[in-house]
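Engineer: Show me how the following folds:
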Amino acid sequence: MNWLEIVGTIVGLIYLWLEYKASVWLWIAGIVMPAIYIIVYFQAGLYADFGINIYYLIISFYGLYLWISPKKGEQPSETPKQIPITKTPHSQYLPLIALIIALTLIFGTILEIGTDSTVPWIDSFTTALSIVGMWMLTRKYIEQWWVWGAVDLISSLLYIYKGLYFTAGLYALYTIIVYFGYRKWLKMMEL
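Structural biologist: The predicted model follows:
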């Protein structure tokens, strides 16, 4: 058992709680957690998950900026208002689905040809979903919860297969929390 995996799991639980609350502080945990999991996933040979955590690290800075930067009409001296929770525009669905398919094919091919990955296509699919889910989170699209539900369920099973039991447990918990997070964001969106 890797102590980094345990620390990453704890930070992941904090991150989940902050995401549930739609707290801007989730982005701080979103910077710490991928820094830890970059090492964990590389050691486990989950190269797409390793790569996605580099993306998470970068996009967490972007999400933090987007959530706290002054909005149109605000003066820089005002306390920034957070962006509202909204539904994903229908015009985004087809491009997002196409992006998931394209990224899965690209990453899967790279992993199958260029690495010793034993699970290149599942690893690539969850990575593609995660890229889209994280982008949706930066925009506070409520449907990001359902994307994460798919990622979490598939990843939980994958991590059991790879022997990352603490991480599998974290993702199993994430899978359950998706429902509650969606309901919480729905109530917050209606206010």
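Engineer: Could you check how far residue 85 is from residue 39?
Structural biologist: 33 Å (C-beta to C-beta, to the nearest Å). In short, each C-beta sits where N, CA and C put it, glycine included.
Engineer: Between the two, which is the more surrounded one?
Structural biologist: residue 85 (19 against 15; other C-beta atoms under 10 Å).
Engineer: and the spatially closest residue to the more buried one that is not a sequence neighbour, helix, strand or coil?
Structural biologist: Computed as C-beta to C-beta, 6 or more residues apart in numbering, the closest residue to residue 85 that is not its neighbour in sequence is residue 189, at 4.2 Å. With DSSP: H, G, I helix; E, B strand; the rest coil as the basis, residue 189 sits in helix.
Engineer: how about residue 189, what does it touch?
Structural biologist: By C-beta atoms under 8 Å, 6 or more residues apart in numbering, the contact list for residue 189 reads 84-87, 142.
Engineer: Please repeat the previous calculation with a cut-off of 10 Å.
Structural biologist: 22, 84-87, 140, 142 (C-beta atoms under 10 Å, 6 or more residues apart in numbering).
Engineer: got the buried residues for stretch 88-104?
Structural biologist: 88, 92, 96, 100, 103-104 (16 or more other C-beta atoms under 10 Å).
Engineer: Any idea how far that stretch is from the middle of the chain?
Structural biologist: 16 Å (C-alpha atoms, centre = their mean, to the nearest Å).
Engineer: And stretch 12-30, by the same measure?
Structural biologist: The answer for stretch 12-30 is 11 Å, by C-alpha atoms, centre = their mean.
Engineer: Put the alpha carbons of that stretch into CSV.
Structural biologist: The C-alpha coordinates for stretch 12-30 follow below in CSV (Å, rounded to 0.1, in the frame of the first residue of the first chain):
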residue,chain,number,x,y,z
GLY,A,12,-9.9,13.5,-2.9
LEU,A,13,-12.6,13.3,-0.2
ILE,A,14,-12.0,16.9,0.7
TYR,A,15,-12.2,17.8,-3.0
LEU,A,16,-15.5,15.9,-3.3
TRP,A,17,-17.0,17.7,-0.4
LEU,A,18,-16.0,21.1,-1.8
GLU,A,19,-17.4,20.2,-5.2
TYR,A,20,-20.6,19.1,-3.6
LYS,A,21,-20.8,22.5,-1.9
ALA,A,22,-19.8,24.3,-5.2
SER,A,23,-17.0,26.0,-3.2
VAL,A,24,-14.3,27.8,-5.0
TRP,A,25,-11.9,26.1,-2.6
LEU,A,26,-12.3,22.8,-4.6
TRP,A,27,-9.8,24.2,-7.0
ILE,A,28,-7.1,24.3,-4.3
ALA,A,29,-7.7,20.6,-3.5
GLY,A,30,-7.8,20.2,-7.3
